[in-house]
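Novice: give me a 3D structure for the following:
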Amino acid sequence: MHRKHLIVLISFLILSFAVSTAHAGPLDNWHQGKTPKLGYGYDLYDVAYGNGTFVAVGGVSILTSSNGTDWTPVSFSICFPDGCRFLYSVTYANGNFIAFASRGLILTSADGKNWTLNNSETFPGSSGITYGNGIFVSVYGSKILKSADAITWTPVATADTNFDDIIYGNGTFVAFGSRIIMTSRDGLLWTKREPGLPIPARTFRSDYLSSGTYGNGTFVIVSWSSTNHVMTSGYILTSTDGITWTQAYESIPGLHGVKYGNGFFVAVGNYGTILYSTDSLTWSTAPSVTTELLSGISYGKGTFVAIGSKGFGIDGIILQSAPIPYCNAYPASSPVYRFNVSGGFYFWTIYEKEKNDTLQNYPGFHLEGTAFCAIPPASPVEGTLPVYRFNADSHHLWTIYESEKNDILQNYPGFRLEGVAFYAFPSNQEEGTLPVYRFNVAGRHFYTIDEDEKNSILQTYPEFRLEGVAFYLYPPE
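Specialist: Numbering: from 1, shown residues only. Presented below is the predicted three-dimensional model:
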């Protein structure tokens, strides 16, 4: 039986546990998503976000949502003459959703709605998968496997105990499970690390490192424990390098999922437990909105989505946090809003007043959301340079280069300098920043910080010419 299935069964052996909240915080408001009733077998085990879509899986079902609140079942079948396969894991990596089912079935999708079923003879199963350094790496049982395409797999390492999950961050793979942590820089050569857990005080106690995430320069792993097959407490472990680990927090009850997004670490577990932290060291408990087991969590579009089960195939549960303001992770920054304008061009602004004025007075301007997080012109920080905004017939051009600014002023009278749009970094010297790419299409410019969007433009729109990196800023999520 897969361990996530076992978690659901064990949780029903435990008496109900009440949690309390020390103080109100930005993640203290959660509500239940609108999930369809699919009947028996509709436990939810995992959730992922990518390409503007949330995807939740469990049993024989896949659900999708564009907003985290309204969910739609995907029409497909994984039942065959020899029986049904059961979904237990999903992730978004390298531009695709990848879902795993029992008996070696792998499902892949670019949009979460249209899925390709792949039976892999080299794939034993997966309790976790990640992508980094140009390869997929998965864990199952005591094995670590690698793949170039997430379909054909090759074992690369074996441990003396079982793994539960694997994550990638800061150039390092971290695989973990039953009181074990192993790390690798290339996904091929692995080194065992000391997990920093206390020595079990009881003979029949087992500790399972169940889920992990990387954000804000920190790895975080959560766990659950059992004594005599009864689920008890768990721990939260942290590390800045994946090598040296510290116990940051002991949780009662145990935890099964953790995710970083927009400045917050959020962990979920038994009895509807939701914990959150901005530094991975000090954790707050959100008010309980359910007593059910929560087994997975993801982040996207400014909100966290947690999923779980009511047990024994009765029904799934989906919780969603209140929206978190974009750029929350970077207090010195503010959102830069992107509008799609009728006629095929775009408009950006960091100013709330200009954004609101555009929404009220220009119906042809459609707000797409936050493009990236920039430093406001009124409060530049060390290491940043001004980004100048030119206007040419309602088309805006940005440049961080003084030489380009001066050349435009001298040689292109049609471009009017409006001033400093915001401040940005000229290189990636600041941790957390990403390149903002500049495209030129028929004399108009387009900017994106999203690697997937950049790659999609290069593949789909040959008229868009990539000019290079305009500057470096923070991503919105």
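Novice: CA atoms for contacts and neighbours, from now on please.
Specialist: Noted.
Novice: which residue ranges of the stretch 351-477 of the chain form strands?
Specialist: Taking DSSP state E, counting those that start in this stretch as the criterion, the stretch 351-477 of the chain carries its strands at 365-374, 385-392, 395-399, 416-424, 434-441, 444-448, 465-473.
Novice: what does the last one contact?
Specialist: Judged by Cα atoms under 8 Å, 6 or more residues apart in numbering, the contacts made with strand 465-473 from elsewhere in the structure are 372-374, 399-400, 424-428, 433-441, 449, 458.
Novice: go again using 7 Å as the cut-off
Specialist: Residues outside strand 465-473 that contact it (Cα atoms under 7 Å, 6 or more residues apart in numbering) are 372-374, 399-400, 424-428, 433-441.
Novice: gap between it and the chain center?
Specialist: 24 Å (Cα atoms, centre = their mean, to the nearest Å).
Novice: one more: stretch 269-278?
Specialist: Chain-centre distance of stretch 269-278: 17 Å, with Cα atoms, centre = their mean.
Novice: then it to CSV, C-alphas only?
Specialist: The C-alpha atoms that make up stretch 269-278 are tabulated as CSV, following Å, rounded to 0.1, in the frame of the first residue of the first chain:
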residue,chain,number,x,y,z
GLY,A,269,-1.2,17.7,8.2
ASN,A,270,-3.5,15.7,10.5
TYR,A,271,-6.8,17.1,11.7
GLY,A,272,-6.8,20.0,9.3
THR,A,273,-3.6,21.4,10.7
ILE,A,274,-2.2,24.4,8.8
LEU,A,275,1.0,26.1,10.0
TYR,A,276,2.7,29.1,8.3
SER,A,277,6.0,30.9,8.7
THR,A,278,8.0,33.7,7.0
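Novice: for that stretch, give the mean pLDDT please.
Specialist: On average, the pLDDT along stretch 269-278 is 92.
Novice: do the same with stretch 448-462
Specialist: For stretch 448-462, mean pLDDT is 88.
Novice: list the buried ones in it?
Specialist: Neighbour counts over stretch 448-462 (16 or more other Cα atoms under 10 Å) mark 448, 449, 450, 454, 457 as buried.
Novice: pretty sure residue 91 sits against residue 97.
Specialist: Yes: under the criterion of Cα atoms under 7 Å, residue 91 makes contact with residue 97 at 5.7 Å.
Novice: quick one on the thing from earlier: which of the strands of the stretch 351-477 of the chain sits closest to residue 149?
Specialist: strand 434-441 (25.5 Å; Cα to Cα).
Novice: and the closest one, which strands flank it?
Specialist: Strand 434-441 sits in its sheet next to strand 444-448 (antiparallel), strand 465-473 (antiparallel), going by DSSP bridges.
Novice: those strands: which one's closest to residue 382?
Specialist: Between residue 382 and these, the shortest gap by Cα to Cα is with strand 465-473, which sits at 13.6 Å.
Novice: extract the CA atoms of the closest one and return them as PDB.
Specialist: Only the C-alpha atoms of strand 465-473 are listed here, as PDB (Å, rounded to 0.1, in the frame of the first residue of the first chain):
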ATOM      1  CA  ARG A 465      12.800  38.800 -31.700                       C
ATOM      2  CA  LEU A 466      14.600  38.200 -28.400                       C
ATOM      3  CA  GLU A 467      16.900  41.100 -27.700                       C
ATOM      4  CA  GLY A 468      18.300  39.700 -24.400                       C
ATOM      5  CA  VAL A 469      18.000  40.500 -20.700                       C
ATOM      6  CA  ALA A 470      16.600  43.900 -20.000                       C
ATOM      7  CA  PHE A 471      17.300  43.800 -16.200                       C
ATOM      8  CA  TYR A 472      16.800  41.600 -13.200                       C
ATOM      9  CA  LEU A 473      13.800  41.700 -10.800                       C
END
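Novice: care to break this structure down by domain?
Specialist: Taking automatic domain parsing as the reference, the chain has its domains at 3-321, 334-473.
Novice: centre of the chain to the shortest one, how far?
Specialist: Right, domain 334-473. Distance, centroid of domain 334-473 to centroid of chain: 25 Å (Cα atoms, centre = their mean).
Novice: kindly state the beta-bridge partners for residue 300.
Specialist: Bridge pairing for residue 300 - DSSP bridges - gives residue 303.
Novice: where's it relative to residue 462, distance?
Specialist: Distance, residue 300 to residue 462, using Cα to Cα, to the nearest Å: 29 Å.
Novice: please apply the same query to residue 56.
Specialist: Here residue 56 is placed at a distance of 35 Å from residue 462 (Cα to Cα).
Novice: contacts only, for residue 194.
Specialist: Here residue 194 is in contact with residue 181 (Cα under 7 Å, 6+ apart).
Novice: pick out the residue nearest the middle of the protein.
Specialist: The residue lying closest to the centre of the chain (Cα atoms, centre = their mean) is residue 299, at 5.0 Å.
Novice: thought residue 50 was touching that residue, still the case?
Specialist: No: between residue 299 and residue 50 there is no contact under Cα under 7 Å: 9.2 Å.
Novice: what about stretch 58-77, average pLDDT?
Specialist: Taken as a whole, stretch 58-77 has a mean pLDDT of 90.
Novice: what's the first-to-last distance across stretch 280-298?
Specialist: So stretch 280-298: terminal residues 17 Å apart, Cα to Cα.
Novice: can you mark which positions in that stretch are buried?
Specialist: For stretch 280-298, burial by neighbour count (16+ other Cα under 10 Å) applies to 280-281, 283-298.
Novice: for the protein, give me the ranges with low pLDDT.
Specialist: Across the chain, the ranges flagged by pLDDT under 70 are 1-26, 36-42, 197-206, 226-232, 311-315, 343-344.
Novice: now the helices for it?
Specialist: Using DSSP state H, the helices of the chain run over residues 3-11, 352-361, 402-411, 451-460.
Novice: residue 443: neighbour count?
Specialist: Neighbour count for residue 443, taken as other Cα atoms under 10 Å: 8.
Novice: how close does it get to residue 252?
Specialist: 59 Å.
Novice: over to residue 419?
Specialist: 54 Å.
Novice: who's more crowded, those two?
Specialist: A direct count of neighbours by other Cα under 10 Å for residue 419 and residue 252 places residue 252 higher, at 20 against 13.
Novice: ok, that one touching residue 233?
Specialist: Yes: counting by Cα under 7 Å, residue 252 does reach residue 233; the two are 4.6 Å apart.
Novice: of the domains of the chain, which stretch is the most buried?
Specialist: Of the domains of the chain, the one with the most neighbours on average (mean count of other Cα atoms under 10 Å) is domain 3-321, at a mean of 20.
Novice: distance between that one and the chain's centre?
Specialist: 11 Å.
Novice: skip the chain neighbours and tell me the closest residue to residue 33.
Specialist: The shortest distance from residue 33 to any non-neighbouring residue, by Cα to Cα, 6 or more residues apart in numbering, is to residue 69 (4.4 Å).
Novice: for that neighbour, what are its contacts?
Specialist: Applying Cα under 7 Å, 6+ apart, we find residue 69 in contact with 33, 34, 320.
Novice: same check, this time on residue 152
Specialist: 120, 122, 123.
Novice: now, among those, which is nearest to residue 107?
Specialist: For the contacts of residue 152, the nearest to residue 107 is residue 120 (10.4 Å; Cα to Cα).
Novice: so that closest one makes contact with residue 151?
Specialist: Yes: Residue 120 is within contact range of residue 151, at 6.1 Å (criterion: Cα under 7 Å).
Novice: spatially nearest residue to residue 432 (excluding sequence neighbours)?
Specialist: Per Cα to Cα, 6+ apart, closest to residue 432 is residue 474, 6.2 Å.
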